[in-house]
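give me coordinates for this.
(one chain, ligands or ions: 1)
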Amino acid sequence: MKVLLTGCAGFIGSHTAEALVAAGHSVRGVDAFTDYYDPARKRANVAGLHGHPSFELVEADLAVADADALLEGVDAVAHLAGQPGVRASWDTGFAVYVDRNVVATQRLLEAARRAGTGRFVYASSSSVYGDAESFPTPEDVVPRPVSPYGVTKLAGEHLVSLYGTNFGLPTLSLRYFTVYGPRQRPDMAIWRMADAALGGGPFPLYGDGTAARSFTYVADVAAANLAALDAEVPPGTVVNLSGSETVDVQALLQLVGEAAGAPVPVEQREAEPGDARRTGGDTARARALLGWVASTPLDEGVAAQVAWQR
Ligand SMILES: NC(=O)c1ccc[n+]([C@@H]2O[C@H](COP(=O)([O-])OP(=O)(O)OC[C@H]3O[C@@H](n4cnc5c(N)ncnc54)[C@H](O)[C@@H]3O)[C@@H](O)[C@H]2O)c1
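Residues are numbered from 1 along each chain as shown. Sure thing, here's the model as predicted:
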């Protein structure tokens, strides 16, 4: 298959690009190298792919680029480009989230519809659930995001589903639950914890440390992205990708400290709006439709990330 992979230089995108070429697919990777975090990190993420005969890099902003040209000769789309992070999505930051998560997604969907592209996989998020009422949370609960970021990811997901149901575009949304591993974004908790333990200054702990997350290892997510490109599922399908272990921040601090061989220094801060109290997804649908289970144990994945950061 020839796959258009958006956000190919990002954390999850770069792992997905490597997994795709390793599986014999050809990849047209698109990235705008936005400055949400240092773009030099993104250049480093894809450095190993330069010159690979099955990998082509296009530097373009999907909110304005010629999406028809990007889709030429493409069999399937994995749309991972987006503006991540909860805290920056309040106030004036919101417009960027709308542009990169909603407008960019709608433009790509329109072009995919015109081109009659095959499978369209969208990187959605557990943040669409907000403070869910049941755990592990199944896909069919009513989503109630608690951050503007979550609102834009849900808007993107709704667009993806309606292009599926209205036009038969074979879309599939994957709701990723907090992804971690080598190349993790430097604004994410495990990155900051590991950085603190390795001497980079204290970890800012927002709230009392009882907020809990389901963590999903990046190689497992990349494998699910590949499975999703092939899966026979009805257009508009939504699937949770959730790791099997849910831990709270205190337990995570312990785990990262053990992997780093030094405790994580902590600086206490007030809880901030926009963070869900807990996340954890029901993965029965991922197992049934994609044959996917999160296979990497949290302690192994954390050790791999800390080794990479070291
Ligand atoms: N990391 C997680 O835990 C997580 C969880 C849920 C959902 N997601 C979603 O997965 C996707 C990838 O996340 P990530 O953690 O790898 O983030 P990332 O920031 O490392 O990667 C996103 C990439 O998209 C690019 N990009 C952004 N806007 C663009 C645009 N308009 N045109 C072209 N490229 C653009 C960025 O430059 C970046 O390289 C995002 O859509 C994010 O919302 C991530």
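
can you pull the contacts of Pro39?
By Cβ atoms under 8 Å, 6 or more residues apart in numbering, Pro39 lies in contact with Phe33. Backbone N, C-alpha and C define where each C-beta goes, glycine included.

gap between it and Val46?
11 Å (Cβ to Cβ, to the nearest Å).

just the pLDDT for the nearest residue to Leu154 once chain neighbours are set aside.
Nearest residue to Leu154 in three dimensions, chain neighbours excluded: Val128, at 4.3 Å (Cβ to Cβ, 6 or more residues apart in numbering). Reported pLDDT at Val128 in the predicted model: 98.

ok, the helix or strand harbouring Lys42 near the ligand or not?
Counting by DSSP states H and E, the element that carries Lys42 is helix 39-47. Yes: contact between helix 39-47 and the ligand, assessed by Cβ under 6 Å from any ligand atom, occurs at Lys42.

go on, stretch 158-176?
Yes: judged by Cβ under 6 Å from any ligand atom, stretch 158-176 and the ligand are in contact via Tyr176.

touching that stretch from outside, list them.
12, 79, 102, 105-106, 109, 112-113, 117-126, 128-129, 139, 157, 216, 221, 224-225, 228, 231, 233-242, 281.

average pLDDT across it?
98.

oh, and call the first residue 35 from now on, that's how I've got it
Shifting the count to begin at 35 puts that one at stretch 192-210.

first residue to last residue on that stretch, what's the distance there?
16 Å (Cα to Cα, to the nearest Å).

flag every buried residue along it.
Going by neighbour count (16 or more other Cβ atoms under 10 Å), the buried part of stretch 192-210 is 192-195, 197-198, 203-210.

can you lay out the residues you listed as CSV showing secondary structure and distance to Ala97?
Formatted as CSV, the buried residues of stretch 192-210 follow (DSSP: H, G, I helix; E, B strand; the rest coil; distance: Cβ to Cβ, whole Å):
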residue, secondary structure, distance to Ala97
His192, helix, 18
Leu193, helix, 14
Val194, helix, 16
Ser195, helix, 21
Tyr197, helix, 17
Gly198, helix, 22
Leu203, coil, 20
Pro204, coil, 24
Thr205, strand, 20
Leu206, strand, 23
Ser207, strand, 20
Leu208, strand, 22
Arg209, strand, 23
Tyr210, strand, 21
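
now do the strands in the stretch 185-334 of the chain.
Assigned by DSSP state E, counting those that start in this stretch, the stretch 185-334 of the chain shows strands spanning 205-210, 213-214, 237-240, 246-248, 250-251, 271-275, 280-282, 300-303.

what pairs with the third one, and is each one parallel or antiparallel?
In other words, strand 237-240. strand 300-303 (parallel) (DSSP bridges).

in the partner strand, what counts as buried?
If you call a residue buried by 16+ other Cβ under 10 Å, then strand 300-303 has these buried ones: Val300.

and it, how far from the chain's centre?
Centroid displacement of strand 300-303 relative to its chain, using Cα atoms, centre = their mean, to the nearest Å, is 26 Å.

in terms of helices and strands, where is Ser168?
In the assignment (DSSP H and E), Ser168 maps to no helix and no strand.

so Arg141 belongs to a helix, correct?
Yes: assessed by DSSP: H, G, I helix; E, B strand; the rest coil, Arg141 belongs to a helix.
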